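Participant: Sequence and predicted structure are below.
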Amino acid sequence: MPMIAMPSLRRLLATLALAAALCAPSAAERAAEQITPLLLSTLTAPVPLTGSDGRTHLVYELWITNASSGDAVLEKLEVLDGEQVLLTLEGPALAARLRPGANGEPTATLGRYVQSFAALHLSLPPGAAVPQQLAHRIVAQALAAPPGQQQVQHVGGRVAVDRREVVVIGPPLMGEGYIAGDSCCDAVRHTRAALPVNGRIRVAQRFAVDWEQLDAQGRIYHGPQQALSSYTIYGQPALAVADARVVSVVDGLPEQTPGSYPRGISLDQADGNSVVLDLGGQRFALYAHLQPGSITVKAGDRVRRGQVLGKVGNSGNSVAPHLHFHVMDGPLPVDANGLPYTIDSFWITGHAASTEAFDTAEAKGTPLAMTAVDPPRKVSDSLPMDMSIVRFDR
């Protein structure tokens with residue numbers, strides 16, 4: 001082994017000491033260490049979406065892991081743009097948005113080593129600047145901590161807003177009286193539908209719409225509730241929203257009896273008779289619950305915008321005839337994440353009074369309590385908001 005001269009050895013030791021000093025945490029950095037029993041993260045970044053209300057909407061999920069050995073009670077959650085607070089949730093409003101695991105009941109209490117997610121929705125006024133990055137401040141009681149130290153507060157879950165281009169499509173139906181059921185941005189059935197699929201948590205229905213239709217008297221159905229033909233939307237043509245390629249088709253599954261959800265539906269049959277279109281740019285459109293034998297296309301076909309794909313039915317996991325439609329980032333209806341999209345042109349003709357009013361009209365066949373928009377308002381390049389009543393023209 002060669003000998004190292006003393007000056008060279010001193011220089012080497014000085015260099016190593018300098019490197020160690022540069023790598024060592026400063027006193028300020030050491031002082032900043034703290035126990036964070038609640039870990040915050042996001043699986044997908046929010047993508048800005050223009051709604052038919054003229055506002056910009058950001059929809060995403062914040063995952064919260066209680067990494068402590070005792071229960072944690074969440075008291076407040078704030079969404080931050082730098083120092084600006086964009087959204088505050090606390091008390092019952094916070095609890096209502098929390099789901100432990102992928103399918104639990106809403107609760108603000110997280111058991112030890114339990115993960116929950118908060119379904120978040122930011123609604124920005126027209127013309128407001130969209131944040132570049134969001135962060136989240138959580139306030140909670142960590143019951144495993146010593147007395148006097150149980151209230152914790154920290155900021156985490158930083159996520160850059162995804163500024164990707166939102167796909168613009170044509171209408172999936174034609175005519176008037178269509179209700180955008182469970183649409184953006186707070187519909188429990190869709191925005192809370194996080195599922196563990198193929199080793200990952202997926203929210204394929206994040207921007208889904210369940211389209212139903214009113215008759216001239218404002219009823220979803222007229223006649224026997226369990227008769228498919230009583231429903232206004234039953235048999236309406238489902239239309240291609242763009243020039244696209246057919247990725248997959250499921251057909252031959254039976255219709256369900258309206259009025260109650262079927263039991264024992266497997267995951268691969270939940271969408272019933274369905275069509276998936278490849279819109280390009282890693283965007284795929286799902287049409288679900290179609291009539292058996294009505295689908296006019298097959299996998300590999302090229303379709304044109306406005307082409308009939310099939311007829312609206314009540315197959316799969318469905319309580320009443322409707323068209324379930326959403327756009328996603330993969331070709332599999334469940335193993336994908338939902339993407340925002342806008343429809344290039346439609347008319348708003350009214351608004352249902354509430355989700356409860358819609359549920360009553362669907363259950364009883366009575367006219368929907370609603371507010372008419374007169375004259376109708378034309379909307380472009382937007383997503384119909386929840387409980388909007390829409391007309392689609394050719």
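Facilitator: In hand now; what should we look at?

Participant: from here on, contacts and neighbour counts on C-alpha atoms
Facilitator: Noted.

Participant: Okay, and the beta partners of the closest residue to Pro172 other than its chain neighbours?
Facilitator: For Pro172, ignoring the flanking residues on the chain, the nearest one in space by Cα to Cα, 6 or more residues apart in numbering is Leu239 at 4.8 Å. Bridge pairing for Leu239 (DSSP bridges) gives the partners Val308.

Participant: which stretches of the stretch 201-350 of the chain form helices?
Facilitator: When secondary structure is read from DSSP state H, counting those that start in this stretch, the stretch 201-350 of the chain shows no helices.

Participant: Give the residue spans of this protein that score low on pLDDT.
Facilitator: Filtered on pLDDT under 70, the chain yields the residue ranges 1-32, 101-104.

Participant: Just give me the residue closest to the centre of it.
Facilitator: For the chain, the residue nearest the mean C-alpha position is Arg206 (1.9 Å; Cα atoms, centre = their mean).

Participant: can you tell me which residues contact it?
Facilitator: 59, 184, 190-193, 337-339 (Cα atoms under 8 Å, 6 or more residues apart in numbering).

Participant: Tell me which of the residues you listed fall in strands.
Facilitator: Val59 (DSSP state E).

Participant: Now do the strands for the stretch 201-350 of the chain: every range, in order, please.
Facilitator: Counting by DSSP state E, counting those that start in this stretch, the stretch 201-350 of the chain has strands at residues 209-213, 237-239, 244-250, 273-280, 283-290, 302-303, 308-311, 323-328, 341-352.

Participant: Out of these, which is closest to Trp63?
Facilitator: strand 323-328 (20.5 Å; Cα to Cα).

Participant: helices and strands around that closest one, which ones?
Facilitator: strand 209-213, strand 283-290 (3 or more Cα pairs under 8 Å, 6 or more residues apart in numbering; DSSP states H and E).

Participant: Generate TSV for those strands, with distance to Ala270 and mean neighbour count as supplementary columns.
Facilitator: Output for those, formatted as TSV (distance: least, Cα to Cα, whole Å; neighbours: other Cα atoms under 10 Å):
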stretch	distance to Ala270	mean neighbour count
strand 209-213	14	24
strand 283-290	8	27
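
Participant: nearest to Leu74, of these?
Facilitator: When the helices and strands packed on strand 323-328 are ranked by proximity to Leu74 (Cα to Cα), strand 209-213 comes first, at 30.8 Å.

Participant: From the contact counts, what lies against the closest one?
Facilitator: strand 175-181, strand 323-328.

Participant: Nearest to Val161, out of those strands?
Facilitator: Judging those by Cα to Cα, what sits closest to Val161 is strand 323-328, at 17.8 Å.

Participant: returning to what we had before: hmm, the residue nearest to Pro172 is touching Leu173, no?
Facilitator: Yes: between Leu239 and Leu173 a contact is recorded at 5.7 Å, counting by Cα atoms under 8 Å.

Participant: any shared contact partners between these two?
Facilitator: With Cα under 8 Å, 6+ apart, Leu239 and Leu173 have no common neighbours.

Participant: Now do the contacts for the closest residue to Ala352 other than its chain neighbours.
Facilitator: Once flanking residues are discounted, Ala352 sits nearest to Met370: 4.1 Å by Cα to Cα, 6+ apart. By Cα under 8 Å, 6+ apart, Met370 lies in contact with 350-353.

Participant: 6 Å - rerun?
Facilitator: 351-353 (Cα atoms under 6 Å, 6 or more residues apart in numbering).

Participant: Please tell me how far it sits from Ser123.
Facilitator: 23 Å (Cα to Cα, to the nearest Å).

Participant: can you tell me how far Val139 sits from Pro106?
Facilitator: Taking Cα to Cα, one finds Val139 at 18 Å from Pro106.
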